[in-house]
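Asks: With the input below, show me the fold.
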Amino acid sequence: MKKKLAGGALIVAASLFAIHPSELITGENSSENHIPKNVPTGEVVDQAPEQIPFTLVETIDGDTIKARVKGKVEIVRYLLVDTPETKKPGMCVQPFAAEAFQRNNELVKEGSLSLEVEEGTKRDAYGRLLAYVFVEGQSVQETLIKEGYARVAYIMDPPYKYLNLYKTDENLAKKSKLKIWGTKEYVSYYGFIGCVR
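Replies: Reported below is the predicted structural model:
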């Protein structure tokens, strides 16, 4: 009995000293109480991953938005997806780029927004926040992949929480030849090949 109590106390103590995911975005300690309400002290509770609410400032393209997160304006780059380019310097507008931008813009305006970060790298080489984005709890990345607007890409620091799900969705979109998958040899390992004529 003593061993069980000691083990439970050790788990609770470790969880209290763990870095909270929201602190990793701002780099500051949060003053929020992270222990769920109505939970007796000493009881270990499984929690859903923390999703941080945010407000949309602007949709940049099919896989990037500008958002206000915890009072700070951030460029948020969607984790694990890539859509055709519309605004990349020195690059033409690619097929389905305008459609991917439009669909992303529709999705992020459909309800309350939240994001989730992975435990590994939080920012890309351009300083953009890397995150999973959700509207009313539904993954924006998953919707873009399922509908054929995005490919799974930039698998830099696995494991990723949603990678297998996204790969399954991508395979279904490929089989159905949806959007980006409807043109032979348009999608490559490195991105998309071709320009809007």
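Asks: Tell me the pLDDT of Lys37.
Replies: Per-residue pLDDT puts Lys37 at 37.
Asks: How about the most centrally placed residue in the chain: what's its closest non-neighbour residue?
Replies: Central residue of the chain (C-alpha atoms, centre = their mean): Tyr132, 1.2 Å from the mean position. Distances taken as C-beta to C-beta, 6 or more residues apart in numbering place Glu116 nearest to Tyr132, at 4.5 Å, with adjacent residues excluded. In this view, the C-beta of every residue, glycine as well, is placed from N, C-alpha and C.
Asks: neighbours around that neighbour, how many?
Replies: Using other C-beta atoms under 10 Å, the number of residues around Glu116 comes to 18.
Asks: quick check, Leu130 in a strand?
Replies: Yes: looking at Leu130 with DSSP: H, G, I helix; E, B strand; the rest coil, it is inside a strand.
Asks: re the thing from before, there's contact between the residue nearest to Tyr132 and Leu130 in this structure, I believe.
Replies: No: using C-beta atoms under 8 Å, Glu116 is not in contact with Leu130, being 10.5 Å away.
Asks: ok, then the element right after the helix or strand Lys174 falls within?
Replies: Taking DSSP states H and E as the definition, Lys174 sits inside helix 163-175. Once helix 163-175 ends, the next helix or strand along the chain (criterion: DSSP H and E) is strand 187-188.
Asks: Which strands border that following strand, and is each parallel or antiparallel?
Replies: Take DSSP bridges as the rule and strand 187-188 pairs in its sheet with strand 191-192 (antiparallel).
Asks: and the partner strand, average pLDDT?
Replies: Here the average pLDDT along strand 191-192 is 95.
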